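*Asks:* return atomic coordinates for the entry below.
(2 chains)
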Amino acid sequence: EAGVTQSPTHLIKTRGQQATLRCSPISGHTSVYWYQQALGLGLQFLLWYDEGEERNRGNFPPRFSGRQFPNYSSELNVNALELEDSALYLCASTARRTGELFFGEGSRLTVL
Amino acid sequence: KQEVTQIPAALSVPEGENLVLNCSFTDSAIYNLQWFRQDPGKGLTSLLLIQSSQREQTSGRLNASLDKSSGRSTLYIAASQPGDSATYLCAVTVGGGADGLTFGKGTHLIIQP
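*Replies:* Take a look at the predicted model:
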């Protein structure tokens, strides 16, 4: 069974540009979480999607947005990129019965 | 607001030793607790999940315990190997999943051959 898959693996952008990151959850999982892991800051909760709806967002500006598609895959959009947006962006899907989260390998975003 | 603390921040031990990683959380009203492993630049690998009603879980050489009332969990690694070198993260979730997991900053573990 395939795990959580994320693309692209690496992305380089310049300040002011937009970035789009994609995530496919484990088959059968309907919830997707996005986290940011910036150097030295630990994992910070970004967004939670469940059954196609945004259920909650962390303490991030509106430049960070996303959506979940009918097949439960998700994308994260970051507009007006700033240098401090450089980070590893991790997606996770959850088994509803147990609440266990499974993570993808992440997308490394570098903003120059 | 839930806060998770992991001690120590870093640990270096010779191969073969048994070791304990500690995790504490401020709000005992958790739904579950997960231990993860993260290799440099990689995603997180789930090691153990403990539901709030459970006291411990075991997988191979790993054993995790949970004391909800005191807000503590420990991860015990038996007979450590160089391949165990990684950052170990503890995370808790409140019921409903609204905030996902709240993570500690991790313990960076080095096992010396």
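*Asks:* where in the chain is pLDDT low?
*Replies:* As the question left the chain open, I've gone with chain A. Applying pLDDT under 70 to chain A flags the ranges A:1.
*Asks:* not what I meant, chain B
*Replies:* B:95-99.
*Asks:* and it, which residues reach chain A?
*Replies:* Along chain B, the residues adjacent to chain A under the rule Cβ under 8 Å from any Cβ of the partner chain are B:31-32, B:34, B:36, B:41-46, B:49, B:51, B:89, B:91, B:93, B:97-106. C-beta here means a position set from N, CA and C on the backbone, and glycine is covered the same way.
*Asks:* one more time with 7 Å, if that's ok
*Replies:* Contacts of chain B with chain A, taken as Cβ under 7 Å from any Cβ of the partner chain, map to B:31-32, B:34, B:42-44, B:46, B:49, B:93, B:97-101, B:103, B:105.
*Asks:* how many neighbouring residues does residue 107 have?
*Replies:* As the question left the chain open, I've gone with chain A. For residue A:107, the neighbour count with other Cβ atoms under 10 Å in any protein chain shown is 23.
*Asks:* nope, chain B
*Replies:* Using other Cβ under 10 Å, residue B:107 is surrounded by 21 other residues.
*Asks:* hmm, back to that, put the buried members of the residues of chain B next to chain A into a PyMOL selection.
*Replies:* To isolate the buried members of the residues of chain B next to chain A in PyMOL, using 16 or more other Cβ atoms under 10 Å in any protein chain shown:
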select buried, chain B and resi 32+34+42+43+44+46+49+93+97+99+100+101+103+105
